[in-house]
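Student: Show me how the following folds:
(chains A, B and C)
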Amino acid sequence: MKSLAALALAMTVAPVGASAASGADDDVSSVAPALQRYERETLDAGLWARPGLSARDRSVVTVAAVIARNQAGLMPAQIRRALDNGVKPAELSEIITHLAFYAGWGNAMAAVDATRPIYAEQGIGADQLPAVAPALLPLDEAQEARRAASVEQTTGPASPGLVRDTTEVLFRDLWLRPDLAPRDRSLVTVSALISAGHVAQMPFHLNRAMDNGLSREEASEVISHLAYYAGWPNAFSAAPVAREVFEKRANP
Amino acid sequence: MKSLAALALAMTVAPVGASAASGADDDVSSVAPALQRYERETLDAGLWARPGLSARDRSVVTVAAVIARNQAGLMPAQIRRALDNGVKPAELSEIITHLAFYAGWGNAMAAVDATRPIYAEQGIGADQLPAVAPALLPLDEAQEARRAASVEQTTGPASPGLVRDTTEVLFRDLWLRPDLAPRDRSLVTVSALISAGHVAQMPFHLNRAMDNGLSREEASEVISHLAYYAGWPNAFSAAPVAREVFEKRANP
Amino acid sequence: MKSLAALALAMTVAPVGASAASGADDDVSSVAPALQRYERETLDAGLWARPGLSARDRSVVTVAAVIARNQAGLMPAQIRRALDNGVKPAELSEIITHLAFYAGWGNAMAAVDATRPIYAEQGIGADQLPAVAPALLPLDEAQEARRAASVEQTTGPASPGLVRDTTEVLFRDLWLRPDLAPRDRSLVTVSALISAGHVAQMPFHLNRAMDNGLSREEASEVISHLAYYAGWPNAFSAAPVAREVFEKRANP
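Tutor: Residues are numbered from 1 along each chain as shown, chains lettered A, B, ... in the order given. Below you'll find the predicted structure:
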C-alpha cells in the first residue's frame, strides 16, 4: 500500500495544470510548439531579465497576479520561483493574507493550498512565518484620518459596515503588519488590482505605492510585466490610469 | 480493491482547495497563521454573526459569490454551510440554475460538481428538487413590457438574439420558476453582479431586489459581506452605485 | 498495478468538473433537473443550431470564452466539440497561443493541459501543429503605423515596455502567424474580451474583426451566444459597445 499512498499524495499535491505550468517543455510543445518558444525566449530570457524591475519584484507581482486571478495551475511554479528569487517565506505568507482581503477569501485559500506542500517540502516551519499578532508598524494618523474621511463620504451612505471594516480590519491592522514592507504591500495591491481589472481603485493605491517608495520606472514595468500574466487587455486598461497618476504627481 | 475504489472516490469528490477551504486550522496556519485568526475571529465570530443580514441570507450571498467567481475550492464548505443555515436543497438547485445564466454555464457546471456528492451524502433526492417544468409564478405584464421595451431600444440594434433570449428564457421562464422566491432570486443576482464586478447591471437589479422586498439595511450589509468573499475592490466599486440607487429611491 | 496506473491516468486526465461539463445527464439532473433541460433544449438543440453563426464559429467563440474565463471544467468537452465541428488542430493550437497574450499566460497553460490528452488520444501529432517559426503573413505597414502611433500616444507615457512588446510580440509576430486566419484571430480576441468584461478594448478589435471579414450578423450572434457561456452581464455590457461600432461603420 505504500506506493498507493505515495501516488495518492502526489496526486493530491499536484494541482490541475502543474505539468504545463511548471514549464515542462514536452507538455507545452505537444499542443503549441510556438507557445513553448514564447515562454523560453519572450518570457524567461526576455521579460524576467529586463531592467526596470528586479527579479524579486517580478515574482511579487506575478504571485499577486496568479492569486488575484485564482490560477491554481500557475501557483506552484510561481511560488517556487518567488522563493528562489528571494521573497522570504514570511513575506509570501503576508502576501497571501493581504490578498484574502484585496482579492477575496477563496483566492487566498487556493494560495494556501498551493503553498502548504512547498513549505513542507522545503522545511519551512512556524519559526519562519509571521506572528499571529505582532507589534504593528506605526500609523500616520493624519494620513489615515484623511483616508477615512474620504471613504466615509463616498461609501458611508451605501455601506456603513464596509467603512468600519475598512478602517478597523485593513488600515489599522492588516496594512500595519510588519512582515511585509509597506512598499511591497502596495506593490501586491496594485498588481492585484491590475490583474483583476479593478482600475477604479488604482489611483489611490498607485499613489500610495509611490508614496511608499515604488518608482515610476518600476510602476511602468509592473504594467508591462502584467500584460503577460494578466493578459494584454488588463495592461491596456491600467496604462491610461497610471499615466494620469504619473502626470498629476509630476505637475501637482 | 475496495480501499482503492474508496480512495479514488475520495479524490474525485475532493476538489482542489477543499482542505484549507473547509477551514481545517492546521492547513491554514502552516502557511499563514494570521489568516487563520482572521478566519475565526473576523469572519466566523464577527461577520457571520452581525445583524443586518440573517445567516441564511449570508449563505445565499456567499454561495452566489463563490459560484460567480468559479471558486471550486470554497464551494463544498459554503454549500454545506448554506444547507446548515436553512437554505433548502430546492432553493440551492434553483440558485445554481439561475447562475448558469447570470454567471455563465461553466460556473453552474462547477457548482453542480461540488453539490452532487453533498446531496448524495445527505440523502437529498429528486423529491426535494424543483420540477423540470413547474407551474410558473404570475408575471406582471406591464412591468415586463417596460423592461422589454427598454432592452429592445438599447440592445436590439446590437443583438436581436440577445433581446429575444432575455425575454423568452430569462424573464418569461427562469425568473418565474417558483422554488426560489423573487426576493432571493434578486439577492443571488445582485450578489453575483457585485462579485464579478458587473456594476453596470447593478442599478436595474438592485432596484428590482428592493422592489422584491430586500431592505436597504440588508443591501448595505450584502456589500460589506461581499468585501470578504469577493474582495474589497469589488465592494468599493459597488458602494457608489448602491448609494445612487438608495438616494433615487428615497427622493424619487 | 496495471489497473492502478490506469486509474491514476484517468484521474490525472479528468479535470475537476469533467463529468457534469461533459453533459452526462445524470450528473446534472441529480442536482438541478431544470438545468439539464436547459442544456439539452435551450443550448444544444436551440442556440448551437441557430443561423447567424456556423457551428464551427460557435466552437471558436466558446473555446475562447472558456479559456478566457479559465474554466478547466468546460475545456475538455468544448475542445472535443471544436474538433468535431471542424476547427483544425493547428487552429486550436494557435487559439491557445493567441490567448496566452490576450487572456493571460495561466489561461493558456490550463488550456494546454486540457488539450494535451485529447490530442494524444486522437493521435494528433507534431505534423498537424503549426511550426514554431513559420513564414509570417504580410503586414499592412500603413495600418500598423497608425495603430502604433495611437498606442504610443495613449500608452507610451505610462509604460514604454508595454508599447514595445505590443508592437514586436503581438502585431509584428503573433497576429501574422499563418495557421489561424486573421478573421478567426479577431473572432477569438473579441470573444475573449467580451467573456472577461474588457469592453474598453472592444471598439478597436470589433472594428478589426469586421475589417477582417466578420459580418455584422455574425458579430451580433457572437454576443448572444456568449450570454450563455460568459453570463448575461457580460453580453449586456458588450451590446451597447457593439451597437456604437455598428452605427459608426454604417454612418462613417
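
Student: how about stretch A:115-134, does it reach chain B?
Tutor: Yes. Using CB under 8 Å from any CB of the partner chain, stretch A:115-134 reaches chain B at A:115-116, A:119-120, A:126, A:129-133. (Each C-beta comes from the backbone N, C-alpha and C, glycine too.)

Student: Out of those, who's the most crowded?
Tutor: Among these, residue A:115 has the most neighbours (other CB atoms under 10 Å in any protein chain shown), with 28 neighbours.

Student: Secondary structure element for that residue, which one?
Tutor: If you go by DSSP states H and E, residue A:115 is part of helix A:105-121.

Student: Check whether that helix comes near chain C.
Tutor: No. Counting by CB under 8 Å from any CB, chain C is not contacted by helix A:105-121; separation bottoms out at 12.0 Å.

Student: starting at the chain centroid, how far to that helix?
Tutor: Distance of helix A:105-121 from its chain centroid, counting by CA atoms, centre = their mean, to the nearest Å, is 14 Å.

Student: next one: stretch A:239-249
Tutor: In this view, stretch A:239-249 has its centroid 21 Å away from the chain centroid, taken as CA atoms, centre = their mean.

Student: which parts of the stretch 101-250 of chain A sit against chain C?
Tutor: With CB under 8 Å from any CB as the criterion, the stretch 101-250 of chain A meets chain C at residues A:197, A:220-221, A:223-225, A:227-240, A:242-243, A:246-247.

Student: Low-confidence stretches in chain A?
Tutor: Scanning chain A for pLDDT under 70 picks out A:1-25.

Student: Okay, buried residues for the lengthiest helix in it please.
Tutor: In chain A, taking DSSP state H as the definition, the longest helix is helix A:232-250. Using 16 or more other CB atoms under 10 Å in any protein chain shown as the test for burial, helix A:232-250 gives A:232-239, A:241-243, A:245-246.

Student: now stretch A:157-168
Tutor: Quick answer for stretch A:157-168 (16+ other CB under 10 Å): A:157-163, A:165-167.

Student: which residues are contacting it?
Tutor: With CB atoms under 8 Å, 6 or more residues apart in numbering or on different chains as the test, stretch A:157-168 has contacts from A:148, A:151-152, A:155-156, B:50, B:52, B:220-221, B:223-225, B:227, B:232, B:235-236, B:238-240, B:242-243, B:246-247.

Student: wait, which of the residues of stretch A:115-134 next to chain B is closest to residue C:111?
Tutor: If you rank the residues of stretch A:115-134 next to chain B by distance to residue C:111 using CB to CB, residue A:115 comes first, at 24.3 Å.

Student: can I assume that closest one is in contact with residue A:99?
Tutor: No. Residue A:115 is beyond contact range of residue A:99, at 11.9 Å (criterion: CB atoms under 8 Å).

Student: still on that earlier bit, how about CSV for the buried residues of stretch A:157-168, with distance to residue B:176 added?
Tutor: Converted to CSV, the buried residues of stretch A:157-168 look like this (distance: CB to CB, whole Å):
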residue, distance to residue B:176
A:157, 34
A:158, 30
A:159, 31
A:160, 35
A:161, 33
A:162, 33
A:163, 38
A:165, 37
A:166, 39
A:167, 43
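
Student: What is the nearest of these to residue C:95?
Tutor: Nearest to residue C:95, judged by CB to CB, of the buried residues of stretch A:157-168 is residue A:162 at 40.4 Å.

Student: Find the nearest non-adjacent residue to that closest one, please.
Tutor: residue B:224 (4.0 Å; CB to CB, 6 or more residues apart in numbering or on different chains).

Student: Next, count neighbours for the one you found.
Tutor: For residue B:224, using other CB under 10 Å, the count is 24.

Student: burial measure for residue A:203, as a count.
Tutor: The burial count for residue A:203: 14, using other CB under 10 Å.

Student: Check whether it sits in a helix, strand or coil.
Tutor: Using DSSP: H, G, I helix; E, B strand; the rest coil, the structure places residue A:203 in helix.

Student: so who does it touch?
Tutor: Neighbouring residues of residue A:203 by CB under 8 Å, 6+ apart: A:241, A:244-245.

Student: Among those residues, name the ones that also lie close to chain B.
Tutor: Among the contacts of residue A:203, no residue sits close to chain B (CB under 8 Å from any CB).
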